[in-house]
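J.: When you get a sec, could you give me coordinates for this:
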Amino acid sequence: MKIKNSLIKPFLTEGRIKTRKNEYTGYLDLLIENDKIAEHAMPGQFVMVRGWDSNDPVFSRPFDIVQVNPAKGLFRLIIKIAGKGTAMLNSLRAGSRLLITGPLGNPVEVPHGEKIILLVRGAGAAAVVYLAESAKKAGTEVFTFLSASTRNRLVCRDYLKDASNDINIITDDGSDGYHGDARDILEGFINKSKPDRIYTCGSKRFARFTGELEKKGLTKGYVFLESYMACGMGDCHGCAVKKRGSGGYFLVCKDGPVFPVNSVELD
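T.: Down below sits the predicted model:
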């Protein structure tokens, strides 16, 4: 499932904010200038970012690489504003400098000529955009189920729409798309469409559901795991998750962030 990117070591590098916008409530969309990340990043990888000179906060923050444009030396991040570090990043203007470490994590093997489903919620949508774009270019059919509490939290909607053959919108309050739970409509779609794989991120209940679908033999399931990280390179062991069955632990930053859904313990 995963491919090792062992020939490319992470860079400690500086980036500059090209554009920034707050299109969705509580989220920041950053387009960043950095030739090295734009050239070498692959689907499934992430970066560690800091935009402050002080030691408070001490640690950089991890973010999924949403899109890359190697020709222009640009890459995109979507940031959920949820604490001091992300609030400080949200205060930065276009032209501000960032300290970046990456690309980090194992790239995802891009499916060629298959049929895949993306089941994502909230900020989890940011993890799958690059995969969706790459898979579609490789001749894979991409069907996206994008869920959020309300329409103002449907982050990456336009990016995923462009990268998908079809997109289904689901909101808890019925403010856009289907009113309810994505699981209500997904299993019927899977029984009809017979996808090769399903990738999920942003919801543990979606991850558990994906695992159940695999156990039924309906599709292969993969989960993008989200975790607090201090280093992003496997040194601090702060992002350890239990392996299922055999005991021991995976490190999300080093062994992931994408895993076969039934290889990890999901709380």
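
J.: Could you tell me the phi and psi values at Leu77?
T.: Dihedral angles of Leu77 (phi, psi; degrees, to the nearest 10) stand at phi -130, psi 150.

J.: For Ile185, see how far away it is.
T.: Distance of Leu77 to Ile185, given as C-beta to C-beta, to the nearest Å: 30 Å. For the C-beta atoms, the positions are set from N, CA and C on the backbone; glycine is no exception.

J.: Also Glu133?
T.: Glu133 sits 24 Å away from Ile185, going by C-beta to C-beta.

J.: And Leu160, by the same measure?
T.: Distance from Leu160 to Ile185, by C-beta to C-beta: 17 Å.

J.: Likewise for Cys231?
T.: 40 Å.

J.: More neighbours: which of the two?
T.: Cys231 (18 against 14; other C-beta atoms under 10 Å).

J.: Thought Lys254 was touching that one, still the case?
T.: No. Taking C-beta atoms under 8 Å as the definition, Cys231 is not a contact partner of Lys254, at 9.7 Å.

J.: Using the three-state scheme, assign Gly221.
T.: Using DSSP: H, G, I helix; E, B strand; the rest coil, the structure places Gly221 in strand.

J.: Show me the beta-bridge partners of it.
T.: Beta-bridge pairing for Gly221 (DSSP bridges): Ile198.

J.: list the contacts for it?
T.: Counting by C-beta atoms under 8 Å, 6 or more residues apart in numbering, Gly221 touches 197-200, 210-211, 213-214, 260-262.

J.: Could you list which of those belong to strands?
T.: Of the positions in these, 197-200, 260 sit in strands, assigned by DSSP state E.

J.: Show me the residue sitting in the middle of this protein in space.
T.: For the chain, the residue nearest the mean C-alpha position is Ala127 (1.1 Å; C-alpha atoms, centre = their mean).

J.: What pLDDT is listed against that residue?
T.: Listed pLDDT for Ala127 reads 97.

J.: give the contact list for the residue of the chain positioned farthest from its centre.
T.: Distance from the C-alpha centroid of the chain peaks at Ser54, with 28.1 Å (C-alpha atoms, centre = their mean). By C-beta under 8 Å, 6+ apart, Ser54 lies in contact with nothing.

J.: Okay, and it sits in which element?
T.: Assigned by DSSP states H and E, Ser54 belongs to no helix or strand.

J.: Please report phi then psi for it.
T.: Residue torsions, per degrees, to the nearest 10, at Ser54 are phi -80, psi 170.

J.: And for Gly73?
T.: Backbone dihedrals for Gly73, given as degrees, to the nearest 10, come out at phi 70, psi 40.

J.: For it, which residues are in contact?
T.: 33-35, 38-39.

J.: how does it look with 7 Å?
T.: Listed by C-beta atoms under 7 Å, 6 or more residues apart in numbering, the contact partners of Gly73 are 33-35, 38.
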